[in-house]
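In: Please find the sequence and the predicted model below.
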Amino acid sequence: MSLTPVTIVHISDLHFGGYADLAQIEALDRFLPTLGAGATVVSGDLSQRARHGEFQAAHAFLQRLRGHMPVLVIPGNHDIEWWKSPFGAFGAAVKYAKYARYFGDLTPVLEVPGAIIAGALSSYGVAFGSLTWNLRDVAVKGHLPASETTRVGKVFAHAPPDAVRILAVHHNVLRGALSHRQGLADWRSVWRRLRATGADVVLCGHDHHEGAGQIEGTLAVSTSGTHSFRTRGGRPSVFNLVTIDERAVRIQHFRWESAGRRFLQSDATAFARPPGPRVTVSVAGGEGEP
Ligand SMILES: [Fe+2]
Ligand SMILES: [Fe+2]
């Protein structure tokens, strides 16, 4: 593990379109470059309805940010045109074509000094793997196939041993504290497989409510909020600054103060990292495809 701490801005759920809070977007433009981070991760839901204008506004925002640091972005459930291919009836590509036109790779990998960041795809729209018995979940719930966790595990296995492994996924992998909802179907299997990737921290969003927690007391999870008006319970928006060093994963929340039109440092949580050399976990085989 590198002695130099790695710091990542983690934002999510910008939802460009009618619900985006432009005062927050402008504040992010000013504030994020001052935080000394090595990269920004945007964990999905750039748009509200995957419209061209929404993607173009998101693209302009990301380009401004890229003037200051590398940015990794992944699609959320709002960014895919699932209605063009429900249950994959017309193939997968058509659902993602518009997103890909603006943002490229659906499963990007970004290497920055001291870290490797891998995006995993959990947004499939109306798909068999995402179905539950709850009608509210249709086109909202995600799933994380074994093929995705296996792929990311291989990316991490080939990374330099001292690089911090960061896994980005859209849907919340821990139950929301207010929503009481899991973002992913078959989450117990997801937890097992996320741990097996060798990730040091998981970055996710979707719940529109910030969080800092751990999977089974070992794998740190940063959940970032939304910069739209659709916050959970009407609470202020929050984004996270994640710092990883050899001892701990630290998740610092920054809370939006609308009166002052600025983000203020708020709560922080630190999770100790397991001591000793990295343990390589085989991810071959694994679960069947959901
Ligand atoms: Fe969202
Ligand atoms: Fe979402």
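Out: Happy to help now that I have it. Ligands and ions are numbered 1, 2, ... in the order given.

In: ok, is stretch 33-47 in contact with ligand 2 or not?
Out: Yes - if you take C-beta under 5 Å from the ion as the test, stretch 33-47 does meet ligand 2, through residue 45. Heads up, the C-betas are built off the backbone N, CA and C, glycines and all.

In: Please identify the buried residues of that stretch?
Out: Of all the residues in stretch 33-47, those buried under the rule 16 or more other C-beta atoms under 10 Å are 33, 35, 37-47.

In: Distance of the residue nearest to residue 215 when sequence neighbours are not counted relative to ligand 2?
Out: Distances taken as C-beta to C-beta, 6 or more residues apart in numbering put residue 191 closest to residue 215, at 5.0 Å, once the chain neighbours are dropped. When distance is defined by C-beta to the ion, to the nearest Å, residue 191 is 19 Å away from ligand 2.

In: OK, contacts around residue 191?
Out: Applying C-beta atoms under 8 Å, 6 or more residues apart in numbering, one finds that residue 191 lies in contact with 173, 215, 216.

In: sorry, back to before: among the buried residues of stretch 33-47, which one sits closest to ligand 2?
Out: For ligand 2, the nearest member of those is residue 45. The distance, counting by C-beta to the ion, is 4.4 Å.

In: Helix or strand: which one has that closest one?
Out: When elements are assigned from DSSP states H and E, residue 45 belongs to no helix and no strand.

In: Give me the phi and psi angles of the residue of the chain most remote from its centre.
Out: If you look at how far each residue of the chain sits from its centre, by C-alpha atoms, centre = their mean, the farthest one is residue 259, at 28.1 Å. In this entry, residue 259 is assigned phi and psi values of phi -60, psi -40 (degrees, to the nearest 10).

In: do residue 246 as well
Out: Per degrees, to the nearest 10, the residue geometry at residue 246, taken as phi and psi, is phi -70, psi -20.

In: Pull up the gap between it and residue 252, please.
Out: In this structure, residue 246 and residue 252 are separated by 18 Å, where distance is defined by C-beta to C-beta, to the nearest Å.

In: So which of the two has more stuff around it?
Out: The neighbour count for residue 246 versus residue 252, taken as other C-beta atoms under 10 Å, is higher for residue 252 (20 against 13).

In: name the element that one belongs to?
Out: strand 248-257.

In: ok, and for that strand, which residues are buried?
Out: Judged by neighbour count (16+ other C-beta under 10 Å), strand 248-257 contains these buried residues: 249, 250, 251, 252, 253, 254, 255, 256.
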